[in-house]
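# need coordinates for the following:
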Amino acid sequence: MNINTFRKSLAGGGARPNLFAVQINPPAGIGTTHGGDKMAPFMVKTTAIPGVNIGPVEVPYMGRVLKLAGNTTFDDWETTIINDEDFKVRKFVEQWAEVINGKADNLAVSADPSSYTSDARVIQFSKNGKPIREYAMIGVFPTAIAGIELGWDSNDALEEFSVTWAMSWWETADTTFDEGVTTGKFGVSFNVSDTPLGDFSGAFEYGF
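This is a model prediction of the structure:
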């Protein structure tokens with residue numbers, strides 16, 4: 001075992017945490033006129049590939065504990081978003097929260113989960129710009145929209161804010177690359193140009 005063996009095992013040089021994009025599909029209750037969903041691939045600066053937890057069921061037996069597999073749970077999904085001057089993504093998320101529960105009237109636009117839950121994706125890219133893996137978060141909705149810190153001494157900085165999302169579960173799929181069009185498991189496709197990571201402008205097509 002030497003460094004050359006390790007190098008050969010690390011195919012492609014390893015996945016890089018800065019080569020990703022996020023797609024957030026709007027729920028039926030707010031539509032797409034706000035344009036915030038189109039900005040998300042450019043404005044979501046940090047996130048995480050989602051995790052999963054399987055709780056153990058502990059069964060005591062004569063001084064020992066037998067552990068069996070229990071239920072699966074999914075942690076909340078976190079995003080940090082750059083605030084564009086039009087506030088498009090922030091208004092998109094704020095409108096989403098208003099559909100769930102109005103700030104003034106304490107009412108929901110609809111009790112039907114399909115009106116306020118949707119799907120989101122994290123897409124991992126290789127260093128040549130090709131999508132290689134996608135994670136789809138199913139049944140997402142925002143549970144916390146952080147405030148934006150302001151200050152007269154905040155020079156050379158962009159506004160940003162974090163959003164916490166609940167989800168029902170997530171799924172994964174390897175992607176296939178063919179003549180610039182990548183199609184994943186979830187019935188979505190997007191074009192990839194010759195430039196690094198491709199041009200996301202208008203490229204996403206919805207419909208998980």
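# mean confidence for the strand ranked longest in the chain?
When the chain is parsed with DSSP state E, its longest strand is strand 131-145. For strand 131-145, the mean pLDDT works out to 95.
# do stretch 26-35 as well
81.
# got the contact list for it?
Applying C-beta atoms under 8 Å, 6 or more residues apart in numbering, the contact partners of stretch 26-35 are 36-38, 88, 91-92, 95-96, 99, 109-110, 114-118, 141. Just so you know, the C-beta spots here come from the backbone N, C-alpha and C atoms, and that holds for glycine as well.
# check which helices and strands whichever strand or helix holds Glu171 is in contact with.
Counting by DSSP states H and E, the element that carries Glu171 is strand 169-174. Of the remaining helices and strands, those touching strand 169-174 by 3 or more C-beta pairs under 8 Å, 6 or more residues apart in numbering; DSSP states H and E are strand 131-145.
# tell me the buried residues in whatever helix or strand comes next after the strand it packs on?
Downstream of strand 131-145, the first helix or strand assigned by DSSP H and E is strand 160-166. Under the neighbour-count criterion of 16 or more other C-beta atoms under 10 Å, strand 160-166 has Phe161, Val163, Trp165, Ala166 buried.
# picking up where we left off before, tell me which of the contacts of stretch 26-35 fall in strands.
In this view, the contacts of stretch 26-35 that belong to strands under DSSP E are Ser118, Phe141.
# just the buried ones from the contacts of stretch 26-35?
Of the contacts of stretch 26-35, these count as buried by 16+ other C-beta under 10 Å: 36-38, 88, 92, 95-96, 99, 115-118, 141.
# before I go, just wanted to say thanks for your time.
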